[in-house]
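In: All I have is the shape, not the residue letters:
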């Protein structure tokens, strides 16, 4: 059987998809029973040079060339952006074409609506490449942990910020130097906000929460803290206590509720997540039955991401051969409340800068005692600019308790909360 | 739809399967659309006490009670052993019952024959639990890397030996002490041969090779070296050079051929495989497109292994709902030659004990020069019992070159090849 593919977008990922389809054509046909052929590509800019594959299909800038083409059964959307991509995918689904997309922003914000549309039209909507690049986490969640009760999904799911943190830790760069290096290497965009402020990770965490807990959170449900305020001192102090600092997306059950947060976390050097370096990604899944499982791999890049698109394409091909398309990618649906600040409990890494005056430390420790937060480890380093740096690891404390401390410190003179991160365990 | 399950074996894994089916019944029904019910269990010993689940099904010792029961659609074989299990599975498939098994020995040795029988009878044969316990590696290989060309699959796939090596490295135990600890903790059997000599890993590597390369190797095709001769000195010396020693199963393409080997390897501390400790397992997959991906998790245990059985059961349930059973678990078939010793090339860790006499070291270095093996790192430690210990890391050398060295050393006086392991990279 020959299956026609229409590509929206022929940039990095799109080119990678064409390359794999051409180079591994025989293997794909042998294993799926179908011959997957690119029949058309639609792009924004017709004049861009495109290399690395044989262009045996027309390239135009008119969406109708794909959407109205009866020889195209699968639409691959790898342009990015939300509004235009939404429009294209909606029209493709309504034209009863299967859709494969790598668009995390779109799936995180309007995925449920599109999944329902796919279902109504009896077609597939897959998006493995939307989360963690080449790491096949979504299909694993949907086909291998169906019978298990997942208690937590946590991941290093933004390669740019992980590259920056790795460079700061391994090579002693400042945040600004590491960001510059990431930009020079093409890992960070000239406006890095989406990556370093945690929004990109938050989109992916929303999708992971769909699959792991059956919930449909919106961006406002996610507590997001980026890495832009992290200093090399924070990283060094964390190291001294045996921890790496990683930007983690963490969704976890607390009682009947769900906490969804993107923030820098301290991760013990003994934990597998601590060894995930540079632009790599990893997703850790804790299940009641399976225990702790981690999937690790390249979080981005032309060929790894294209391979995830290809896994979607071969799954559509199998469904077509069996005449079974139209099943949702994610079959899990349930309602869970959002966790309250009092339910979000963890050990903490806290850095306080205190004016180096008599009684200052007494006053600080009094604030923590009032909030009922107690320390397990303390380290004070000599005063700088008239301030002392106090680094503390605490016993378990809730976000509600931390909010008390924040307010108290904000209203006090000569003391500043320089950093506050959860310890992942 | 209600789907009846018949269990052969109600030991550790069997009990875990019943527990998950009972505890997560609602979730499983919601996500698969089917109600999975244990209708019968057949065991060897009727008198063993069985706890942890509600026994709402008969337990007998007559296989016919399952095989001739028309209300049972899926047979779960979790007894172990080869001949009897083969007979049971064969009869189940011929009775057009789907089969889920955790039996790696059986699948590695007669899996192809059983897969053909399943195909002829239009039923499913799944065995995710046969490799790496709770780690969902087989389904990932079959559904996410179908379009990629895999160049290597390598794994820590025997929890017992990894536990022993971890204890030797982390706590300075001797091999004998670590083995004793593993036995005390229930990680090793009283006769540990199968685990520590590498045969268990070899069975799993055969199955990984089926899925990764489409080949059907037999045990004789696998070069197997266990850990029983590893000493704490080897581990300490490897550490000094920045490496852990891990028992790896490695199947990799070399040109048009395939090398399949289970042996202790040196793994750099920077590599994710080096952080896989104690009874955990991990499988690393290198694909032309995807790059390097690793799946990590518990390699054994009641609930993780049961969760893998459950993932097979929910996949059968989905196939039944869609009326699409009978597709092979592994769709990949190709012929590859076995790699020759001259094609199996790697850097090496070599330990030679040399009589502490004038000219001895000159003679040793001459042997390596003759075999065209050159060193990158050398360390000699003071003589003990009149012998010096020479530890060398080499440039890349083939198994053929190493065979020359082995023969030369065997025929020489006052020199002994104490250890020789590949460096994994």
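Out: Cool, got the structure. The structure presented is a predicted model; accordingly, all values stated were derived computationally and were not measured.
In: could you list every residue that touches residue A:93?
Out: Residue A:93 sits next to A:99, A:114, A:117, A:118, A:121, A:123, A:125 when contact means C-beta atoms under 8 Å, 6 or more residues apart in numbering or on different chains. Yep, even glycine has a C-beta here, placed from its N, CA and C like the rest.
In: Please see if stretch A:274-290 touches chain B.
Out: Yes. Counting by C-beta under 8 Å from any C-beta of the partner chain, chain B is contacted by stretch A:274-290 at A:275, A:276, A:287, A:288, A:289, A:290.
In: same check, this time on stretch A:415-425
Out: No. With C-beta under 8 Å from any C-beta as the threshold, stretch A:415-425 lies outside contact range of chain B, at a closest distance of 15.4 Å.
In: looking at chain A, which helix or strand does the model trust least?
Out: Taking all helices and strands of chain A together, the one with the lowest average confidence (mean pLDDT, DSSP states H and E) is strand A:375-384, at a mean of 88.
In: Contacts made by that strand with the rest, please.
Out: Counting by C-beta under 8 Å, 6+ apart, residues outside strand A:375-384 touching it are A:237, A:240-241, A:347, A:356, A:361, A:368, A:388-395.
In: if you look at those, which of them are in helices?
Out: A:237, A:240, A:361, A:368 (DSSP state H).
In: The last one and residue A:378, how far apart?
Out: From residue A:368 over to residue A:378 the distance is 10 Å, taken as C-beta to C-beta, to the nearest Å.
In: swap in the third one?
Out: The gap separating residue A:361 from residue A:378 is 10 Å, by C-beta to C-beta.
In: For the stretch 201-350 of chain A, which segments count as helices?
Out: If you assign secondary structure with DSSP state H, counting those that start in this stretch, the helices in the stretch 201-350 of chain A sit at A:232-240, A:302-322.
In: Deepest-packed of those helices, please.
Out: For the helices of the stretch 201-350 of chain A, the stretch with the most neighbours on average is helix A:302-322, a mean of 24; neighbours defined as mean count of other C-beta atoms under 10 Å in any protein chain shown.
In: by contact count, what packs against that one?
Out: In this structure, helix A:302-322 makes packing contacts with strand A:2-8, helix A:12-23, helix A:25-32, strand A:35-42, strand A:74-77, strand A:98-101, strand A:125-126, helix B:137-144, judged by 3 or more C-beta pairs under 8 Å, 6 or more residues apart in numbering or on different chains; DSSP states H and E.
In: Up against chain B, what does the stretch 101-250 of chain A have?
Out: Along the stretch 101-250 of chain A, the residues adjacent to chain B under the rule C-beta under 8 Å from any C-beta are A:128, A:134-136, A:139-140, A:143-149.
In: and for residue A:368 and residue A:378, which residues touch both?
Out: Shared contacts of residue A:368 and residue A:378, defined by C-beta under 8 Å, 6+ apart, comprise residue A:392.
In: which one of the ones in helices among the contacts of strand A:375-384 sits closest to residue A:164?
Out: Nearest to residue A:164 among those is residue A:237, at 17.8 Å by C-beta to C-beta.
In: The nearest residue to that closest one once chain neighbours are set aside pairs with what?
Out: For residue A:237, ignoring the flanking residues on the chain, the nearest one in space by C-beta to C-beta, 6 or more residues apart in numbering or on different chains is residue A:391 at 4.6 Å. Here residue A:391 sits in beta bridges with residue A:351, residue A:379, as judged by DSSP bridges.
In: contacting residues for residue A:391?
Out: Each residue near residue A:391 by C-beta under 8 Å, 6+ apart is listed here: A:237, A:241, A:349, A:350, A:351, A:378, A:379, A:380, A:381.
In: Skipping its backbone neighbours, what lies nearest residue A:356 in space?
Out: Of all residues beyond its chain neighbours, the one nearest residue A:356 is residue A:383 (3.9 Å), with distances taken as C-beta to C-beta, 6+ apart.
In: neighbours around the one you found, how many?
Out: Using other C-beta atoms under 10 Å in any protein chain shown as the criterion, residue A:383 is surrounded by 14 other residues.
In: SS state for the residue of chain A positioned farthest from its centre?
Out: Relative to the C-alpha centroid of chain A, counting by C-alpha atoms, centre = their mean, residue A:358 is the outermost residue, at 46.0 Å. For residue A:358, the secondary structure call by DSSP: H, G, I helix; E, B strand; the rest coil comes out as coil.
In: Give me the pLDDT for it.
Out: Residue A:358 carries a pLDDT score of 86 in this model.
In: Surely residue A:194 touches residue A:200?
Out: Yes. Here residue A:194 lies in contact with residue A:200, judged by C-beta atoms under 8 Å, at a distance of 4.9 Å.
In: The two - which one has more neighbours?
Out: residue A:200 (24 against 18).
In: List the contacts of that one.
Out: If you count contacts by C-beta under 8 Å, 6+ apart, residue A:200 has them with A:104, A:158, A:160, A:194.
In: Pick the one among those residues closest to residue B:56.
Out: Once C-beta to C-beta is applied, the member of the contacts of residue A:200 that ends up nearest residue B:56 is residue A:104, at 44.5 Å.
In: follow-up on the earlier one: mean pLDDT added to the helices of the stretch 201-350 of chain A, as JSON lines?
Out: Output for those, formatted as JSON lines (pLDDT from 0 to 100):
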{"stretch": "helix A:232-240", "mean pLDDT": "96"}
{"stretch": "helix A:302-322", "mean pLDDT": "96"}
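In: buried stuff in stretch A:323-339?
Out: Taking 16 or more other C-beta atoms under 10 Å in any protein chain shown as the basis for neighbour counts, the residues of stretch A:323-339 that come out buried are A:324, A:325, A:327, A:329, A:330, A:331, A:332, A:336, A:338, A:339.
In: correction: stretch A:47-61
Out: A:53, A:57.
In: do that stretch and chain B meet?
Out: No. Stretch A:47-61 does not reach chain B (C-beta under 8 Å from any C-beta); its nearest approach is 12.8 Å.
In: Centre of the chain to that stretch, how far?
Out: In this view, stretch A:47-61 has its centroid 31 Å away from the chain centroid, taken as C-alpha atoms, centre = their mean, to the nearest Å.
In: Next: stretch A:174-190.
Out: The mean C-alpha position of stretch A:174-190 is separated from the chain mean by 19 Å, C-alpha atoms, centre = their mean.
In: what's in contact with it?
Out: Contacts made with stretch A:174-190 from outside it, assessed by C-beta under 8 Å, 6+ apart, are listed as A:159-160, A:163-165, A:167-168, A:173, A:192, A:195-196, A:227-228, A:230-232, A:279, A:300.
In: how about a cut-off of 6 Å?
Out: With C-beta atoms under 6 Å, 6 or more residues apart in numbering or on different chains as the test, stretch A:174-190 has contacts from A:160, A:163, A:164, A:167, A:168, A:232, A:279.
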